[in-house]
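Engineer: this one's structure only:
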């Protein structure tokens, strides 16, 4: 079975704090892809990152960084020096199988509130 | 490059009525997806098209939901008759194959009263 778990339902931080959003996934496939999306109040899903199962290198993009650990089936997302504009719902998603057809299994989402 | 277009953005109907949503994918994208996002949950795939053929509709409630993609471009998702539990945001997405940069539309928020 394929599953994505985002145990944190809501997180509230004060601006400039660092915050980590957790994501744990389950799949029996050896080839899979992991994604993070941001959903601001406007509702549109904004793609943030994709990682494939063979690339465990951590990635940094500006204030965003991602930690992929196959040993713990986790793909955590850290925002450094958070800003009010980071307030949104963040989804972790899994696409499993070598074809990467785009069928995404989403977690329940984590609502991040950044207070000024 | 224009994004994925969806209409209407909002729709309110009474239960047992019918409703249709429209999606225009990014030009040249062969793969089109419809996702349903119930409030407080992550999106769930309803149906996936490759050109005008269905790849996956395993989670589409076929007794009331139908979708088509004529000519492999635009797509329409229909609900007939609607139930209260169909209240959700319906998201359309498209990709050129590899979903590394799948693009989502703004969604249609449906309220069934």
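Structural biologist: In hand now; what should we look at? This structure is a prediction, so every number in the text was calculated from the model and none was measured.
Engineer: element containing residue A:108?
Structural biologist: Assigned by DSSP states H and E, residue A:108 falls within no helix or strand.
Engineer: in chain A, what residue spans correspond to helices?
Structural biologist: For chain A, helices defined by DSSP state H do not occur.
Engineer: burial count for residue A:3?
Structural biologist: 12 (other C-beta atoms under 10 Å in any protein chain shown). C-beta: built from backbone N, CA, C; applies to glycine.
Engineer: my guess is it contacts residue A:28, does it?
Structural biologist: No. Judged on C-beta atoms under 8 Å, residue A:3 makes no contact with residue A:28 at a distance of 10.9 Å.
Engineer: the residue lying closest to residue B:68 once chain neighbours are set aside: which element?
Structural biologist: Using C-beta to C-beta, 6 or more residues apart in numbering or on different chains and skipping the chain neighbours, the partner closest in space to residue B:68 is residue B:76 (5.8 Å). Per DSSP H and E: residue B:76 is located in strand B:75-79.
Engineer: pLDDT of that strand, averaged?
Structural biologist: Strand B:75-79 shows a mean pLDDT of 98.
Engineer: repeat for stretch B:24-37
Structural biologist: 93.
Engineer: figure out how far it is from the centre of its chain.
Structural biologist: 8 Å (C-alpha atoms, centre = their mean, to the nearest Å).
Engineer: pull up the distance across that stretch, start to finish.
Structural biologist: 19 Å (C-alpha to C-alpha, to the nearest Å).
Engineer: so who does the nearest residue to residue B:55 once chain neighbours are set aside touch?
Structural biologist: Of all residues not flanking residue B:55 in the chain, residue B:48 sits nearest, at 4.4 Å (C-beta to C-beta, 6+ apart). Under the criterion of C-beta atoms under 8 Å, 6 or more residues apart in numbering or on different chains, the neighbours of residue B:48 are A:101-103, B:31-34, B:54-57.
Engineer: in chain B, which spans are strands?
Structural biologist: B:5-7, B:10-13, B:19-24, B:31-37, B:44-50, B:53-56, B:65-68, B:75-79, B:88-95, B:103-104, B:108-112 (DSSP state E).
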